[in-house]
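> sequence-free structure coming up:
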C-alpha cells in the first residue's frame, strides 16, 4: 500500500510539473518562484482593478473606432469616383491605424490582467490555511481519489468552497451527491479536530452513523480516517448497520471494542 501510494504521489508530482511547464510561458520553476516571492499581494487588487478599467476603456475606444471605420467606408462608397474619394480613403486608413493601436493596447492589458489573476491564484494556493489543506487531503482519501483537494473561489462574494477533481474540474457543494457532501463535512470536522488536538487536551470523538449514504469502499476509507484519529483521542462510533463491524475489525486490526446494545 505504501508503494502504491508512493507511485501515486510520484505521478501527481509529474502531472504538476507538466502543468507548470505548460502554463509557465517557457519560464523555469525557479524564475516563477522568484517572481512570486517578489510579488506584493497587497497591491494586486488595485492593479487588477486598474487593468479592468483600462480594458473597459479600450473596449469602448475599439467600439468608437469601429463605428468611425463604418462611417468612413459608407462615405467612401457614396463618393466613389469623385474628387473626395482620396480624402475618404485617407480617413479610412487613419481609422484602421487607430484601431490597430487600440487592439495592441487591449492585448497587452488583457495579458497583464490574466497574468495577475494567475499570480493571485498561485499566491492563494501557497498561502491557504492549514485546515483547508488538511481537509483537502482527508477529502481525497474519503472519496478514494475522486477529488484531489479543496479550493476556495475568491472571485465570488462571498467566497465559495469547491472540490477539485484530478483533471482540474471544480465541483460546487450543491453539485455533489449526498454521500460526497457527507464526506466533505467529515473531512472538515476531522481536520478541525486534528488542529484542535495539537494544541488542547484530547476529548472523545462521538460519531453516530456517519456512513448511511456511503458505499462499502468509502465506508472503509472513513473507518481508516477514524482509526488514524484514534491515535490521538478516543473514538466512539455508533451504528445500527451490522455489516460495518467486519469492516471496522479489518481496518482497526483488532484494536477496537465492539459493544452491542440491546
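Right, received. Where do you want to start? The model shown is predicted, which means the values in this text are computed figures rather than measured ones.
> show me where the stretch 1-150 of the chain has its helices.
Remark: helices of the stretch 1-150 of the chain, listed N- to C-terminal, are 2-22, 29-38, 44-78, 85-126, 130-142; assignment by DSSP state H, counting those that start in this stretch.
> residue 236 is in what secondary structure piece?
Under DSSP states H and E, the secondary-structure element containing residue 236 is strand 235-238.
> could I get the average pLDDT for the helix or strand following that strand?
Scanning forward in sequence from strand 235-238 by DSSP H and E, the next helix or strand is helix 244-252. The average of the pLDDT scores along helix 244-252 is 85.
> can you tell me what sits against helix 244-252?
Applying C-beta atoms under 8 Å, 6 or more residues apart in numbering, the set of residues contacting helix 244-252 from outside is 211, 216, 219-220, 223-224, 227, 230, 237, 256, 258. Where you see a C-beta, it was placed from the backbone N, CA and C, and this is true even at glycine.
> among those, which one has the lowest pLDDT?
Least confident entry in the contacts of helix 244-252, by pLDDT: residue 256, with 79.
> which residue packs closest to that residue, ignoring adjacent ones?
Nearest residue to residue 256 in three dimensions, chain neighbours excluded: residue 248, at 6.0 Å (C-beta to C-beta, 6 or more residues apart in numbering).
> gap between that neighbour and residue 187?
Applying C-beta to C-beta, to the nearest Å, the value for residue 248 to residue 187 is 19 Å.
> of all the contacts of helix 244-252, which comes closest to residue 23?
Proximity to residue 23 was ranked across the contacts of helix 244-252 by C-beta to C-beta; first place goes to residue 224, at 34.6 Å.
> what about that closest one, how many residues close to it?
As a burial measure, residue 224 scores 16 neighbours (other C-beta atoms under 10 Å).
> host element of it?
Taking DSSP H and E as the definition, one finds residue 224 inside helix 216-229.
> sorry, back to before: farthest pair in the contacts of helix 244-252?
Taking C-beta to C-beta as the measure, these reach their widest spread between 216 and 230, a distance of 20.6 Å.
> out of those two, which sits in the busier spot?
Neighbours were counted for residue 216 and for residue 230 using other C-beta under 10 Å; residue 230 has more, 16 against 11.
> which ones are touching that one?
For residue 230, the contacting residues are 252, 255, by C-beta under 8 Å, 6+ apart.
> also the one 10 residues further on?
Under the criterion of C-beta under 8 Å, 6+ apart, the contact partners of residue 240 comprise residue 209.
> return the distance of it relative to residue 204.
Residue 240 is 20 Å from residue 204, by C-beta to C-beta.
> which one's more surrounded, residue 248 and residue 187?
residue 187 (25 against 17).
> quick one: secondary structure of the more buried one?
Following DSSP: H, G, I helix; E, B strand; the rest coil, the label given to residue 187 is helix.
> wait, it sits on residue 147?
No - Residue 187 is not in contact with residue 147 according to C-beta atoms under 8 Å; the separation is 9.5 Å.
> which neighbours do these two share?
Where contact means C-beta under 8 Å, 6+ apart, the residues bridging residue 187 and residue 147 through contact with each are residue 139.
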